[in-house]
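S.K.: Take this sequence and fold it.
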Amino acid sequence: MSLPLSPFRVLRPRDVEAALAARRDHSASRFLAGGTDLIVNLRRGIGNPGVLIDLNGIEELGGLTCSERGARIGTGVTLATLAADAAIRRHFAAVSEAAVAIAGAGHRNIATVGGNLCLDTRCIYYNQSEWWRRTNHYCLKAGGDTCHVAPQGQRCHAAFSGDLAPALLVFGAEIEIAGSAGRRRAPLADLYVEDGRAHLRLADDELVIAVHLPPNPARSAYAKCRVRRAMDFPLAGVAVALRADAGKLATLRVALTGTNSRPFLLEGTDALSGRPFDEAAAQQLEKLVQKQVQPMRTTLASSNYRRLVAAALARRLTTALTAEATASR
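M.R.: Just a heads-up that it's a prediction; the model follows:
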């Protein structure tokens with residue numbers, strides 16, 4: 001059940017510096033881009049910022065350039081624009097596939113790259129109405145002192161469910177961050193922490209303004225499992241980027257979402273380089289995935305199912321991309 005929104009003011013800065021100044025002046029404010037996740041949460045009583053800083057009028061956040069020299073994607077670019085870009089689809093297929101897999105067409109028309117990268121973590125004990133959370137004594141992420149997923153622990157296990165992050169991670173993406181200390185670039189992987197309550201490594205007055213992708217990208221793909229074919233967040237999502245020659249893997253990068261409190265690159269895939277991707281290699285990849293994903297009871301689907309699905313998706317995508325690389329020689 002949704003609640004009436006609490007009163008709030010909307011500020012509309014014209015550039016990044018003004019947006020950061022507004023954030024410093026209003027410590028309880030929130031940045032607003034598409035709002036497809038934020039507004040839903042506010043209607044459920046999750047947060048009461050008082051001031052929303054609308055980023056849609058900032059021209060700098062809307063740029064998208066892509067070529068064989070790499071890409072720069074502004075965080076204000078809509079998911080529909082990203083999915084429809086022919087150059088992104090040609091050079092960074094996993095990114096295009098991830099974008100088009102997010103929510104529904106209406107959402108993608110207003111949802112943004114930055115919003116999906118900074119998506120709040122999710123859990124069946126958190127993404128509920130205020131009365132439901134209150135009746136169940138709240139949870140560690142929202143006003144309580146217990147994680148109902150793992151009551152004996154001290155960490156929130158809410159899962160990160162953004163689709164773009166793994167698709168960008170497999171290319172070694174970097175993000176551009178603006179804040180009171182100036183601007184800096186950092187690996188996208190460094191943005192995330194394995195903590196469902198505080199999964200973003202950003203200062204209060206920092207804003208992710210762009211994503212940078214390097215040139216000469218590898219062959220790639222993205223796929224996810226969800227309860228419904230459309231609309232739903234991933235129960236498990238997998239991105240793969242690889243280079244192969246004569247059926248042998250030269251490089252392999254796999255990233256996952258939906259299972260942990262952060263998106264992450266799979267470790268140990270270097271051991272598969274220089275080998276044919278045969279049954280033994282496929283089983284080894286599946287074991288790597290199953291050991292490193294940490295699905296908890298944050299969705300209605302079982303944890304073990306999500307673990308098995310993640311492993312199967314990694315195997316399926318790697319098999320298909322290796323075959324494509326061999327066929328294109």
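
S.K.: ok, residue 138 - contacts?
M.R.: Taking Cβ atoms under 8 Å, 6 or more residues apart in numbering as the contact definition, residue 138 lies against residue 144. In short, each C-beta sits where N, CA and C put it, glycine included.

S.K.: Residue 89 versus that one, what's the distance?
M.R.: In this view, residue 138 and residue 89 are 44 Å apart by Cβ to Cβ, to the nearest Å.

S.K.: could you give me the average pLDDT of stretch 39-46?
M.R.: Computed over stretch 39-46, the mean pLDDT rounds to 93.

S.K.: repeat for stretch 11-18
M.R.: Stretch 11-18 carries an average pLDDT of 98.

S.K.: Show me what the helix or strand residue 224 falls within is in contact with.
M.R.: Here residue 224 sits within strand 219-225, counting by DSSP states H and E. The contact list for strand 219-225 (Cβ under 8 Å, 6+ apart) reads 92-95, 97-98, 101, 163, 166-167, 170-171, 234-244, 257-258, 306, 309, 313, 316-317, 320-321, 324-325.

S.K.: What number of residues are in the vicinity of residue 89?
M.R.: Neighbourhood size, residue 89 [other Cβ atoms under 10 Å]: 17.

S.K.: show me what contacts the residue nearest to it when sequence neighbours are not counted?
M.R.: Leaving aside its sequence neighbours, residue 89 sits nearest to residue 96 (Cβ to Cβ, 6 or more residues apart in numbering; 4.1 Å). Residue 96 sits next to 82-83, 85, 88-89 when contact means Cβ under 8 Å, 6+ apart.

S.K.: Then residue 231?
M.R.: Shown in contact with residue 231 (Cβ under 8 Å, 6+ apart): 103-104.

S.K.: mind running it again at 10 Å?
M.R.: Residues near residue 231 by Cβ atoms under 10 Å, 6 or more residues apart in numbering: 102-104, 107.

S.K.: just residue 257 next, same as before
M.R.: Taking Cβ under 10 Å, 6+ apart, one finds 98, 119, 159-167, 169, 222, 224, 233-234, 236-239, 263-264, 310 in contact with residue 257.

S.K.: gap between residue 182 and residue 203?
M.R.: Remark: distance between residue 182 and residue 203 (Cβ to Cβ) = 12 Å.

S.K.: Give me the more crowded residue out of those two.
M.R.: Taking other Cβ under 10 Å, residue 182 and residue 203 do not tie; residue 203 has more neighbours (12 against 7).

S.K.: Report the beta-bridge partner residues of residue 177.
M.R.: Beta-bridge pairing of residue 177 under DSSP bridges involves residue 184, residue 208.

S.K.: Pretty sure it sits against residue 186.
M.R.: Yes - Residue 177 is within contact range of residue 186, at 6.5 Å (criterion: Cβ atoms under 10 Å).

S.K.: which residue ranges form the helices in the stretch 1-150 of the chain?
M.R.: With helices called from DSSP state H, counting those that start in this stretch, the stretch 1-150 of the chain shows them at 16-25, 38-43, 79-84, 86-91, 93-100, 105-108, 113-117, 130-135.

S.K.: Select, out of those helices, the one closest to residue 295.
M.R.: With Cβ to Cβ as the criterion, residue 295 lies closest to helix 93-100 of the helices of the stretch 1-150 of the chain, at 19.2 Å.

S.K.: Next, count neighbours for residue 189.
M.R.: 18.

S.K.: Can you name the residues that contact it?
M.R.: Counting by Cβ under 10 Å, 6+ apart, residue 189 has contacts 165, 168-169, 172-175, 255, 262-265.

S.K.: top of those by neighbour count?
M.R.: Within those, residue 263 tops the neighbour count with 30 neighbours, counted by other Cβ under 10 Å.

S.K.: still on that earlier bit, which neighbours does the strand holding residue 224 have in its sheet, and in what orientation?
M.R.: Strand pairing for strand 219-225, determined by DSSP bridges: strand 236-245 (antiparallel).
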